[in-house]
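Undergrad: quick check, what structure comes out for this input:
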Amino acid sequence: MTILDTDAPSVLGLRYDLGEHALIALHNLSDRACTAVVDVGEGAECLADLLDGLAHVPVEGKHSAAAPKIRRGARITLLHNAKDRAMKRLFRDRYDAGRRLADLLMEYAHVPDVLVLALPRGGVPVAYEVALALDAPLDVFVVRKLGVPGHEELAMGAIASGGVRVLNEDVVEPLRIPVHVIDAVAARERAVLEERERAYRDGRPAPEVRGRTVILVDDGLATGSTMRAAARALRRQGPARLVVAVPVAAPETCASFQGEVDAIVCAYTPHPFYAVGIWYADFSQISDDEVRELLARAAERGLPVERAHVG
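TA: Below is the predicted model of the structure:
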């Protein structure tokens with residue numbers, strides 16, 4: 001066992017085991033949240049969801065999570081305080097990120113068959129700005145992350161509308177998660193997914209997808225399991241062209257989508273990536289009410305929320 005700690009104020013201590021698997025324990029040493037970043041080279045994206053869950057939420061007490069394999073020689077970096085983290089941020093908030101992303105998508109502006117779909121909840125403010133800039137209809141496509149039981153911030157996969165389930169084998173295999181556990185989590189999240197769809201759409205059917213250009217938007221890509229589930233579900237509905245667009249992504253994850261969708265647009269692919277939330281000055285949680293408000297505001301500004309049923 002190797003212990004890493006520091007005498008500097010406002011930092012997180014991190015403990016890790018350099019064996020086949022690792023146990024990460026985070027301890028808050030001040031009244032301000034800080035970020036612990038694990039740099040494991042090509043395997044960094046395996047920890048991205050875990051770090052994303054901790055990067056922007058105040059940490060109180062002890063947190064621990066089982067992590068994927070960490071190879072020998074892994075390097076540990078501690079970001080000491082909020083000032084150090086702020087120097088690395090690319091966006092003020094999700095709205096700012098959406099406006100910057102829209103600049104890269106202007107070839108789709110004012111095209112009649114374009115539909116912008118957001119992954120709620122974090123993707124909705126980003127997609128709202130994209131849809132406004134492109135003068136395109138806006139709707140949501142609901143996907144639910146499958147969290148490891150007891151460590152829900154760590155994604156073992158995701159489900160999406162249409163019965164699609166995508167697993168993150170980099171998490172499932174090292175942790176030896178049984179199939180019945182995955183099935184139980186998926187069933188629970190399926191119920192939440194269906195409830196969210198009803199709440200966001202207020203009785204409206206899913207949007208028309210067949211034969212259209214669909215731009216699928218989120219606030220970033222870490223492991224990409226959520227976006228991958230959404231893309232595969234949408235493929236089954238027959239869009240003419242499927243575009244995935246995000247403000248920031250892990251380089252390897254962005255590249256992995258090239259064979260799965262017609263176009264992938266990642267505004268920034270910083271390396272090392274760390275986590276989605278670290279690139280935002282404000283990455284606060286988006287509420288269901290804010291999602292509904294943005295959909296209503298889009299309609300009020302003459303940007304109609306899609307109402308047609310899938311053909």
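
Undergrad: show me the contacts for the closest residue to Ala263 other than its chain neighbours.
TA: Sequence neighbours aside, Val243 is the residue nearest to Ala263 in space, at 4.5 Å (criterion: Cβ to Cβ, 6 or more residues apart in numbering). Heads up, the C-betas are built off the backbone N, CA and C, glycines and all. With Cβ atoms under 8 Å, 6 or more residues apart in numbering as the criterion, the residues that contact Val243 are 105, 108, 213-216, 261-265.

Undergrad: make a PyMOL selection of whichever of those residues turn out to be buried.
TA: Buried members of the contacts of Val243, defined by 16 or more other Cβ atoms under 10 Å, are picked up in PyMOL with:
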select buried, resi 105+108+213+214+215+216+261+263+264+265
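
Undergrad: burial check on Glu208, number of neighbours?
TA: 19 (other Cβ atoms under 10 Å).

Undergrad: mind checking how far it is from Ala255?
TA: Going from Glu208 to Ala255 by Cβ to Cβ, to the nearest Å gives 31 Å.

Undergrad: helices of the stretch 51-200 of the chain, start to end?
TA: 82-86, 94-102, 123-134, 169-175, 179-201 (DSSP state H, counting those that start in this stretch).

Undergrad: among those, which is the most enclosed?
TA: Most buried of the helices of the stretch 51-200 of the chain, by mean neighbour count (mean count of other Cβ atoms under 10 Å): helix 123-134, with a mean of 25.

Undergrad: mind checking which of the helices of the stretch 51-200 of the chain is nearest Ala158?
TA: helix 179-201 (8.4 Å; Cβ to Cβ).

Undergrad: which residues sit against the next helix or strand after that closest one?
TA: Sequence order places strand 213-217 as the next helix or strand after helix 179-201, per DSSP states H and E. Contacts of strand 213-217 with the rest of the structure, by Cβ under 8 Å, 6+ apart, involve 98, 101, 105, 108, 111, 113-119, 123, 126-127, 130, 134, 136, 141, 227, 230-231, 234, 239-246, 261.

Undergrad: try it again with 7 Å
TA: Outside strand 213-217, the residues that touch it by Cβ atoms under 7 Å, 6 or more residues apart in numbering are 105, 108, 111, 113-119, 123, 126-127, 130, 141, 227, 230-231, 234, 239-246.

Undergrad: for the helix or strand just after that strand, which outside residues touch it?
TA: Scanning forward in sequence from strand 213-217 by DSSP H and E, the next helix or strand is helix 225-235. Residues from elsewhere that reach helix 225-235, judged by Cβ under 7 Å, 6+ apart: 119, 141, 143, 145, 155, 157-162, 164-166, 168, 209, 214, 216, 218, 221, 242, 244, 260-261.

Undergrad: do stretch 279-293 as well
TA: 56, 86, 89-93, 120-122, 124-125, 140, 199-200, 248, 270, 277.

Undergrad: in strands, which of those residues appear?
TA: 140, 248 (DSSP state E).

Undergrad: narrow the contacts of stretch 279-293 to those that are buried.
TA: 56, 90-91, 120-122, 124-125, 140, 200, 248, 277.

Undergrad: of the residues you listed, just say which sits nearest to Ala186.
TA: Looking across the buried ones among the contacts of stretch 279-293 and measuring by Cβ to Cβ, the closest to Ala186 is Pro120, at 18.4 Å.
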